[in-house]
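S.K.: take a look and give me a structure for this.
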Amino acid sequence: MQKCKNLLVKPTKRKRMKIHKSVSRKQESIHRVAEEEIEEGFCLKNSAPSHAHGVQPLGNLYLNPSPHNSRNTGLGNLQTLTDELVLEILGFLGGTHLGVLSIVSKSFYVFCNHEPLWRNLVLENYDGGFLYNGSWRSTYVATYKPSFAVSNIGSLGLKVRDFYSDYLFQSWLCANLEMKPEWLERDNISRRKGISVDEFVLNFEEPNKPVLLEGCLDNWPALEKWDRDYLVEICGDTPFSVGPVEMKLADFFRYSDQAREERPLYLFDPKFAEKVSKLGSEYNVPEYFNEDLFGVLGNERPDYRWIIIGPVGSGSSFHIDPNSTSAWNAVIKGSKKWVLFPPDVVPPGVHPSPDGAEVACPVSIVEWFMNFYNATKKWKKKPIECVCKAGEVIFVPNGWWHLVINLEDSIAITQNFVSRRNLLNVLDFLKRPNASTLVSGTRDRINLYDKFKNAIEASFPGTIDQLISKTEERKAQQEKKSFWESVTDSKAGAFKFSF
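M.R.: Residues are numbered from 1 along each chain as shown. As a prediction, the model looks like this:
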């Protein structure tokens, strides 16, 4: 799951599964295409099961001697609805009604057993935690058991013949696809080890550029201690935030060991250090990020630090960090793939609303890689990419779009911060007309600007005025032409007068 941020992320509609062939061969099986793409780097995970209910991509229908699609016949008059709309309607039903509806036809059996429907039911009904039981449907039944009918309906795991749906198939594919090697090989981020704070500020923080820092965590006890056994021992029954629910670590690890879904749950807790003080004492903020001006607000500051624990495939789809802050992310165990775009470049497949309050993006991270990653190869402004490994820290400048996916079971710490280099940006963000919908991590969204500005002026008198003055001077220097520019034609490179 994603940390609290100023953007409400919504999934876009899935693309139809593409047949990369000429029109005259559009009846080619998608499975055959898949085999060809495996040679280019696509492959399923070694332990990937077949689709639980036999769903096939729509392209396979063209190879079937019979034009029969049980998806349509089983829906009757509802067959004209898109798969997304059918599932949207089913999302209004409870477990009992889904169970009863699943015996109406083979088609309804498949739709009513779509795992995200049961996942939503579990997360909506069991905010106090749950024990994952191999599937979301089984988890719901084992935890709730509303009736004998629901606990038995659909439990046979039937595979339906001749059921074709790109939407349902791609959900399975995204959950079981290995990351393609070429998605991981591009590493064009600046890497530094042992640089001074002044170098960091001059070369990266002031120009607002990402950097990967090595050797910053060498003195962290967490780097050696934090594995799952240690964390379970010291955290005990303490509940942590996992999306919309609270879970004990042992229960979360039980889930992460079994889960195979396109959007795995992500432990993302902003109060971890308050809940278990030992966690807060076993890491230190790297010296490059010691200045955090939101600290002047004391307990009223917005959420700013999180422990992040997630299985392979979990992560955060494209977003910009909250309140125009910058951030650092330190990997303690595992590794993460990062893709970052500068503030003036919206990632392909991502559609922010005009006011910035919402952003639509692909349903899952793997889906973005499948459908949009290749487009970036032709862009003049290519994304900054890297794999951040255990012991490394990435600096994410304010305003940068970024996507993160765990390549292994991972544990990390991340913090958002405000320094003098970013203070004016944050103040401008907090005083926007629609700040009440954009500001996050605090209950008092409306008054945060006034509180923060007054606290800065009380703690650091004159700082805001000095920063404004420096910014205006910098702009004036950039706009002022040099003598050489004034006497030459910058486009043609010729003198504007002759001697």
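S.K.: buried ones in the host helix or strand of Trp183?
M.R.: Per DSSP states H and E, Trp183 falls inside helix 181-185. By neighbour count with 16 or more other CB atoms under 10 Å, helix 181-185 contains the buried residues Trp183, Leu184. Where C-beta positions appear, they are placed from N, C-alpha and C, glycine not excepted.
S.K.: what sits up against the helix or strand following that helix?
M.R.: Sequence-wise, the next helix or strand downstream of helix 181-185 (DSSP H and E) is strand 191-193. The contact list for strand 191-193 (CB atoms under 8 Å, 6 or more residues apart in numbering) reads Glu199, Phe200, Val211, Leu212, Leu213, Glu214, Gly215, Cys386.
S.K.: redo the residues you listed as JSON lines? Include secondary structure.
M.R.: JSON lines is the format used below for the contacts of strand 191-193 (DSSP: H, G, I helix; E, B strand; the rest coil):
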{"residue": "Glu199", "secondary structure": "helix"}
{"residue": "Phe200", "secondary structure": "helix"}
{"residue": "Val211", "secondary structure": "strand"}
{"residue": "Leu212", "secondary structure": "strand"}
{"residue": "Leu213", "secondary structure": "strand"}
{"residue": "Glu214", "secondary structure": "strand"}
{"residue": "Gly215", "secondary structure": "coil"}
{"residue": "Cys386", "secondary structure": "strand"}
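S.K.: and those, which two are the farthest apart?
M.R.: Greatest spatial distance among the contacts of strand 191-193 (CB to CB): Glu199 and Cys386, at 19.2 Å.
S.K.: these two: which is more packed in?
M.R.: Cys386 (22 against 12; other CB atoms under 10 Å).
S.K.: does the more buried one touch Trp338 like I think?
M.R.: Yes: contact criterion CB atoms under 8 Å: Cys386 and Trp338 qualify, at 5.3 Å.
S.K.: anything in contact with each of these two?
M.R.: Ile189, Ile394.
S.K.: so where's this protein uncertain?
M.R.: Across the chain, the ranges flagged by pLDDT under 70 are 1-42, 145-156, 480-499.
S.K.: domains in it, by residue range?
M.R.: 44-176, 181-457 (automatic domain parsing).
S.K.: between the two ends of the longest one, how far is it?
M.R.: Looking back up the chat, that one is domain 181-457. 51 Å (CA to CA, to the nearest Å).
S.K.: let me have the domains of the chain in JSON lines, extended by distance to Glu479.
M.R.: Listed next are those as JSON lines, based on distance: least, CB to CB, whole Å:
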{"stretch": "domain 44-176", "distance to Glu479": "48"}
{"stretch": "domain 181-457", "distance to Glu479": "18"}
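S.K.: what separates stretch 124-135 from the chain centre, distance-wise?
M.R.: 22 Å (CA atoms, centre = their mean, to the nearest Å).
S.K.: need the contact partners of that stretch.
M.R.: 115, 118, 122, 139-140, 142-144, 239, 244-248, 251, 254-255, 258-259.
S.K.: now the buried members of those residues.
M.R.: 115, 118, 122, 139-140, 143-144, 239, 245-248, 251, 254-255, 259.
S.K.: which two in those residues are spaced the farthest apart?
M.R.: Greatest spatial distance among those (CB to CB): Glu115 and Pro239, at 24.1 Å.
S.K.: in the stretch 251-400 of the chain, which spans are strands?
M.R.: Remark: strands assigned in the stretch 251-400 of the chain by DSSP state E, counting those that start in this stretch are 267-269, 305-310, 315-319, 326-333, 335-341, 351-352, 358-361, 384-389, 392-396.
S.K.: which one, of those, ends up nearest to Lys278?
M.R.: The nearest among the strands of the stretch 251-400 of the chain, by CB to CB, is strand 305-310 at 11.9 Å.
S.K.: so which of the contacts of strand 191-193 is the most crowded?
M.R.: Leu213 (24 neighbours).
S.K.: now for the helix or strand where Asp465 lies, which elements pack on it?
M.R.: Under the criterion DSSP H and E, the helix or strand holding Asp465 is helix 463-479. Applying 3 or more CB pairs under 8 Å, 6 or more residues apart in numbering; DSSP states H and E, one finds that helix 463-479 contacts helix 423-430, helix 448-459.
S.K.: of those, flag the one that's most buried.
M.R.: With neighbours defined as mean count of other CB atoms under 10 Å, the helices and strands packed on helix 463-479 peak in mean count at helix 423-430, which reaches a mean of 19.
S.K.: so how far is it from its chain's centroid?
M.R.: Relative to the centre of its chain, helix 423-430 is centred 24 Å away, using CA atoms, centre = their mean.
S.K.: stretch 269-281 now?
M.R.: 23 Å.
S.K.: can you give me the buried ones in that stretch?
M.R.: Asp269, Pro270, Phe272, Ala273, Val276, Leu279.
S.K.: pipe these into JSON lines and attach distance to Pro311 per row.
M.R.: JSON lines is the format used below for the buried residues of stretch 269-281 (distance: CB to CB, whole Å):
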{"residue": "Asp269", "distance to Pro311": "16"}
{"residue": "Pro270", "distance to Pro311": "20"}
{"residue": "Phe272", "distance to Pro311": "18"}
{"residue": "Ala273", "distance to Pro311": "23"}
{"residue": "Val276", "distance to Pro311": "21"}
{"residue": "Leu279", "distance to Pro311": "20"}
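S.K.: now, the residues you listed that are in helices?
M.R.: Phe272, Ala273, Leu279 (DSSP state H).
S.K.: the second one and Gly295, how far apart?
M.R.: The gap separating Ala273 from Gly295 is 14 Å, by CB to CB, to the nearest Å.
S.K.: again with the first one
M.R.: When distance is defined by CB to CB, Phe272 is 18 Å away from Gly295.
S.K.: ok, now the last one?
M.R.: Taking CB to CB as the measure, Leu279 falls 19 Å from Gly295.
S.K.: check Tyr266 too.
M.R.: From Tyr266 to Gly295 the distance is 27 Å (CB to CB).
S.K.: what's the answer for Val346, then?
M.R.: Counting by CB to CB - Val346 and Gly295 are separated by 32 Å.
S.K.: can you tell me which of the contacts of strand 191-193 lies closest to Trp368?
M.R.: The nearest one, if we look at the contacts of strand 191-193 relative to Trp368 and count by CB to CB, is Cys386, at 17.0 Å.
S.K.: next one: the closest one from Pro210, what distance?
M.R.: On the measure of CB to CB, Cys386 and Pro210 end up 8 Å apart.
S.K.: geometric centre of the protein: which residue is closest?
M.R.: With distances taken as CA atoms, centre = their mean, Ser316 lies nearest the centre of the chain, 1.2 Å away.
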